[in-house]
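[1] Need the 3D shape of this:
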Amino acid sequence: MGFKPNDKLNSTLCSVTCLTEEQPSSLKTDQSHPNNYLSEEEESRGDEEEELCEEEEEEESFADMMKHGLSEADVGILKFISEHRGFSGILKERYSDFVVHEINKEGRTVRLDDLCVPADVECSSTDSQTLTEEQKQQLEELQLFKNKEASVAIEVQQDSKEKRTLLHRAVKTLYPGLETKTEDRDGKKFIVAYHAAGKTALAAPRKHSWPKNRGSFCHFVLYKENKDTMDAINLLSKFLRVRPNMFSYMGTKDKRAVTVQEIAVLKISAERLSHLNKCLMNLKLGNFSYKKHPLKLGELQGNHFTVVLRNISGSQEQVEQAMTSLRETGFINYYGMQRFGTTAVPTHRVGRAILQNNWKEVVDLILKPRPGAEKGYLVKCREEWARSQDPEAALKKLPVKRCVEGQLLRGLAKYGKNNIITAFGLIPRNNRLMYIHSYQSYIWNSMVSKRMEAFGLRAVEGDLVLRGSSAHVLSADEADKHSLHDVVMPLPGFDVIYPTHSVGGGYRDMLSADDLDIENMRHKVRDYSLAGAYRRILIRPRDVSWELIQYDDPRVPLVHTDVEKLENAPCVCAEGKYRALKMEFSLPSSTYATMAVREVLKMDTSIKNQTRLNSSWLN
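    Next up is the predicted model:
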């Protein structure tokens, strides 16, 4: 097929668990957590470190490593609700088989369909005439990164402040990737232009004038391929020489996909942003506008997904039954596999140890050696920790210090092994909370499976429904007037109530087995106190459509991306011996597209199982 089996398997590394969706929340949740960023110095150092070790991979095949991974049953995902016979299909064989468009708070699907810069910031002809053709060519080459450590010096003829200001403005308007300063050389004045991302650039970029009648925030659509949101923002901030927290967004998108979302940045012009389209790979910026407000996490209504399942085995009748059931009944709103990590030590076990106040086990779980898919330097770091228990020695094995293991080791080296709570605090807050939220998700999945086993697809006495932001227990008469689509289940915490039927007791039993008290979900460290939340049992997707596509070559894309549409790419006219199912649907935020796909296929969507499927197909 023109590619090596190992390439194929490695391409599936994130095939299921990295499906691009919102960082999950719930119906009742705190969206105010700040974004966590490293300092610019740490960020820069981290980029260099990652370049050194990017190519380092384990020699063992990915399929062999993933046999130690989690299956759906390990995290409580057990039940299906549809009646069709399941079939197999390959999910995310290519990252372009998974396309996500954000749905903003007005309910509009965010698309990249305009690369033009708003008219009010286009450069004037006066700016253009200020520079000679030779100077323009030199500046263009400098801007396009042909030599980012070079500079271009422009002598100021007939020196005056007005002339220097005109030259500064001309360079920065026509070449937004550059910064300028005035230098004296042999008694003459020069305007010297440097690339903003070069090491010889100014320590901080000169402030660009900002029109008073323009909104302070430039909103734009970010199109990205095979890159997560934070990596994309860190890259943009590096090129623009601003801190990452100048950017705001409504939700994070994972790496292995083509995703389209809205971003806002403080006082960076559309012209400067548009320039980056010439410099960056796998990113595209467009649909620029100026507004008075930034974006906030959680403001979006959801996401629209276009998913291609390749090499499906189901008949047309099976596909029709599966997709009709998805459209009319929906799927169980389980937390997907990406909530629980990809290694043999699931994140919910770390969360349980935090809630038990067992800090020695927290450190052990995060740092101990484990079988499975990991980079070689992490394996060496874990082995050193197991051998010496010396955080500084283990840290030396890590070229990338930004990972959770590196941050924890830095904390242990700084505060000592007898002060683990403080050391653990060096991990960014959102990452720390991820562990306990993962434990809540594990309990929720397990209890929902138990509830579906006990009562099936109908609302029953003792179930919970939301009235406003509060939960209400259904009586027998009320249950007859509700469907299961109305019913919610709690994530455990101190500010929720539980079903009054047998499943409510199941929560108590499960927490008790983990040495946790359901009546006391407050922690002595405030961050780790769980208020709880409510989450719907079933989700019915909107805008569901599907089609079967024939193809021969797995490298041929079966979906046109926004960029391909802008470039008027030829239509996808695929035919061949393999069949793919292309499906589209919209989901509210905090729900997992993987779980919708799982209901269609009626098969385990874990990396462990998908890798096995890919291996057998290749063979």
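
[2] Can you read off the pLDDT for residue 573?
    Looking at residue 573, its pLDDT is 65.

[3] correction: residue 238
    At residue 238, the model reports a pLDDT of 88.

[4] Kindly report the same for residue 612.
    With respect to pLDDT, residue 612 scores 66.

[5] Numbering from 11 from now on, please.
    Sure, I'll start numbering at 11, so the last one becomes residue 622.

[6] For the stretch 511-629 of the chain, which segments count as helices?
    512-523, 572-576, 603-611, 617-628 (DSSP state H, counting those that start in this stretch).

[7] Buried residues in the shortest one, which are they?
    Applying a neighbour-count criterion of 16 or more other Cβ atoms under 10 Å, the buried positions in helix 572-576 are 572, 573. Placement of C-beta: from N, CA and C, glycine included.

[8] got the contact list for that helix?
    For helix 572-576, the external contacting residues (Cβ atoms under 8 Å, 6 or more residues apart in numbering) are 121, 122, 123, 125, 233, 270, 294, 567.

[9] One more pass at 10 Å, please.
    106, 109, 111, 120-125, 231, 233, 235, 268, 270, 292-294, 296-297, 567, 579-580, 582 (Cβ atoms under 10 Å, 6 or more residues apart in numbering).

[10] Let's see which of the residues you listed end up in helices.
    Under the assignment DSSP state H, those contribute nothing to helices.

[11] Any of the residues you listed buried? List them.
    With neighbours counted by 16+ other Cβ under 10 Å, the contacts of helix 572-576 contain buried members at 106, 109, 111, 120-122, 231, 233, 235, 268, 270, 293-294, 296-297, 567.

[12] Any stretches of the stretch 361-510 of the chain with poor pLDDT?
    The stretch 361-510 of the chain contains residues with pLDDT under 70 at 383.

[13] picking up where we left off before, now, the buried ones among the contacts of helix 572-576 that are in strands?
    109, 111, 231, 233, 235, 268, 270, 293, 294, 296, 297 (DSSP state E).

[14] Which one of those residues is nearest to residue 437?
    Ranked by distance to residue 437 (Cβ to Cβ), these are led by residue 293 at 27.9 Å.

[15] can you pull the contacts of the closest one?
    When the contact criterion is Cβ under 10 Å, 6+ apart, the partners of residue 293 are 232, 233, 234, 235, 237, 241, 242, 245, 246, 286, 287, 573.

[16] What's the per-residue pLDDT of the residue lying closest to residue 324 once chain neighbours are set aside here?
    In space, and not counting its chain neighbours, residue 324 is closest to residue 97: 3.0 Å by Cβ to Cβ, 6 or more residues apart in numbering. Confidence at residue 97, expressed as pLDDT, is 93.

[17] before we move on, what about residue 164?
    At residue 164, pLDDT is 86.

[18] Thought residue 185 was touching it, still the case?
    No - counting by Cβ atoms under 10 Å, residue 185 is not a contact partner of residue 164; they are 11.7 Å apart.

[19] Low-confidence stretches in this structure?
    Judged by pLDDT under 70, the stretches of the chain that qualify are 11-78, 129-139, 155-159, 186-187, 206-219, 383, 582-584, 620-629.

[20] just checking, next helix/strand downstream of the longest helix anywhere in it?
    Identified as the longest helix of the chain according to DSSP H is helix 439-465. Scanning forward in sequence from helix 439-465 by DSSP states H and E, the next helix or strand is strand 474-477.

[21] Tell me which strands that following strand pairs with, and in which orientation.
    Strand 474-477 pairs in its sheet with strand 480-483 (antiparallel), strand 497-501 (antiparallel), by DSSP bridges.

[22] most packed of those?
    strand 497-501 (a mean of 24; mean count of other Cβ atoms under 10 Å).

[23] returning to that earlier point: who has more neighbours, residue 164 and residue 185?
    Each of residue 164 and residue 185 has its neighbours counted (other Cβ atoms under 10 Å); residue 185 has more, 25 against 22.

[24] got the contact list for that one?
    133, 141, 146, 149-150, 152-154, 162, 203, 205-206, 281-282, 285.

[25] Now list the buried members of those.
    So, by 16+ other Cβ under 10 Å, the buried ones in the contacts of residue 185 are 133, 141, 149, 152, 153, 162, 203, 205, 206, 281, 282, 285.

[26] Could you measure from the fourth one over to residue 175?
    Which is residue 152. 21 Å (Cβ to Cβ, to the nearest Å).

[27] nearest to residue 606, of the ones in strands among the buried ones among the contacts of helix 572-576?
    For these, the minimum distance to residue 606 (Cβ to Cβ) is 14.6 Å, reached by residue 109.

[28] so what's the closest one bridging to?
    Taking DSSP bridges as the rule, residue 109 bridges to residue 268, residue 316.

[29] for it, what are its contacts?
    Residue 109 is in contact with 30, 235, 267-270, 314-318, 569-572, 594, counting by Cβ under 10 Å, 6+ apart.

[30] and if we set it to 8 Å?
    Neighbours of residue 109 in contact, by Cβ under 8 Å, 6+ apart: 267, 268, 269, 270, 315, 316, 317, 569, 571.

[31] ok now do the fourth one, which residues does it touch?
    I take that to be residue 270. 109, 110, 111, 112, 120, 121, 122, 231, 232, 233, 572.

[32] Would you mind putting these into CSV with distance to residue 324 alongside?
    CSV is the format used below for the contacts of residue 270 (distance: Cβ to Cβ, whole Å):
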residue, distance to residue 324
109, 22
110, 24
111, 26
112, 30
120, 32
121, 31
122, 33
231, 35
232, 35
233, 32
572, 30
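
[33] from those, which is closest to residue 255?
    For the contacts of residue 270, the nearest to residue 255 is residue 232 (16.3 Å; Cβ to Cβ).

[34] Hmm, that closest one is touching residue 295, no?
    Yes - look at residue 232 against residue 295 with Cβ atoms under 8 Å: they come within range, at 6.1 Å.

[35] Now do the shared contacts for residue 164 and residue 185.
    By Cβ under 8 Å, 6+ apart, residue 164 and residue 185 have these common neighbours: residue 203.

[36] What residue spans form the domains of the chain?
    Using the TED database, the domain ranges for the chain come out as 82-109+318-343+549-628, 115-129+221-310, 143-205, 379-437, 442-547.

[37] one step back: Throw the strands paired with strand 474-477 into CSV and include distance to residue 470, thanks.
    Converted to CSV, the strands paired with strand 474-477 look like this (distance: least, Cβ to Cβ, whole Å):
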stretch, distance to residue 470
strand 480-483, 11
strand 497-501, 9
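
[38] returning to that earlier point: which one of the contacts of residue 109 is nearest to residue 599?
    The nearest member of the contacts of residue 109 to residue 599, counting by Cβ to Cβ, is residue 315 at 12.4 Å.

[39] Sounds good, over and out.
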